[in-house]
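J.: The following comprises the amino acid sequence and a computationally predicted model.
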Amino acid sequence: MIRINLLPPEEMASRGPSLSFSMPAVGNFIPVGVAVIAIVACLGTYMVQSRTMTRLHADLTEAREESQRLAPQIARIKRLQRERQQLDERLDAITSLDEERYFRVELMSELARRTPENLWLTSLKENSPGQFSLEGITFSNFIVADFISNLTKADIYQGMDLVSIQRGKIEDVTVLDFEITASVGKSFATSTPGEL
């Protein structure tokens with residue numbers, strides 16, 4: 001059966017409570033929503049950071065264990081590197097000495113090969129690296145000039161300078177004492193005995 005209420009609204013209010021619902025305004029939920037989002041964001045960040053920290057601690061522990069396990073090998077590698085450096089220094093010293101080995105031989109060989117007849121060398125001194133002085137005796141200025149010219153043609157002698165020439169006597173024979181300075185290079189320093 002259908003019931004129809006014909007009472008005026010004033011009387012309906014006095015008769016009892018009615019079952020009417022109204023929705024709250026949307027603006028009332030915004031602060032609550034922002035607070036919930038902020039709490040969720042904070043919880044998410046905390047969880048991510050917590051996982052990251054746990055993973056980093058695990059990685060750090062693993063790295064420390066691996067470092068301790070590899071410490072003997074690392075010490076051995078450092079020792080080998082020191083030994084290799086010392087060996088390289090020794091090899092450099094040997095190489096330097098080896099480069100000089102044939103230089104003096106070639107210097108004397110060229111000197112003997114290019115000395116003219118009737119000229120005798122009395123002294124050969126190294127004044128500084130690459131600078132030598134030669135002293136000798138002969139009978140003529142022309143022989144000294146030939147000697148300087150011959151040495152200038154050799155690749156190893158790069159510069160010649162006549163320092164002095166004086167007349168002297170050896171057992172009533174007139175001779176000329178001379179001194180020459182020479183700059184020498186190392187064009188033959190790395191040659192082998194077969195190449196001389």
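T.: Done, it's in. For clarity, every value in this text was computed on a predicted model and none was experimentally measured. Numbering: from 1, shown residues only.
J.: from here on, contacts and neighbour counts on C-alpha atoms
T.: Fine.
J.: so where's the protein uncertain?
T.: Within the chain, the stretches with pLDDT under 70 are 1, 11-27, 186-196.
J.: Tell me which stretches of it form strands.
T.: All strands of the chain, identified by DSSP state E, fall at 119-128, 131-138, 157-170, 173-184.
J.: Output these as a markdown table; include the columns mean neighbour count and distance to M53.
T.: As requested, the strands of the chain are exported to a markdown table (neighbours: other CA atoms under 10 Å; distance: least, CA to CA, whole Å):
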| stretch | mean neighbour count | distance to M53 |
| --- | --- | --- |
| strand 119-128 | 13 | 69 |
| strand 131-138 | 18 | 72 |
| strand 157-170 | 14 | 74 |
| strand 173-184 | 18 | 72 |
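J.: Could you provide those strands in a markdown table, with additional columns for distance to L111?
T.: Output for these, formatted as a markdown table (distance: least, CA to CA, whole Å):
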| stretch | distance to L111 |
| --- | --- |
| strand 119-128 | 10 |
| strand 131-138 | 10 |
| strand 157-170 | 9 |
| strand 173-184 | 11 |
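J.: For A71, find the nearest of these.
T.: A71 lies closest to strand 119-128 among these, at 51.3 Å (CA to CA).
J.: strands paired with that closest one, and their directions?
T.: In the sheet, strand 119-128 lines up against strand 131-138 (antiparallel) (DSSP bridges).
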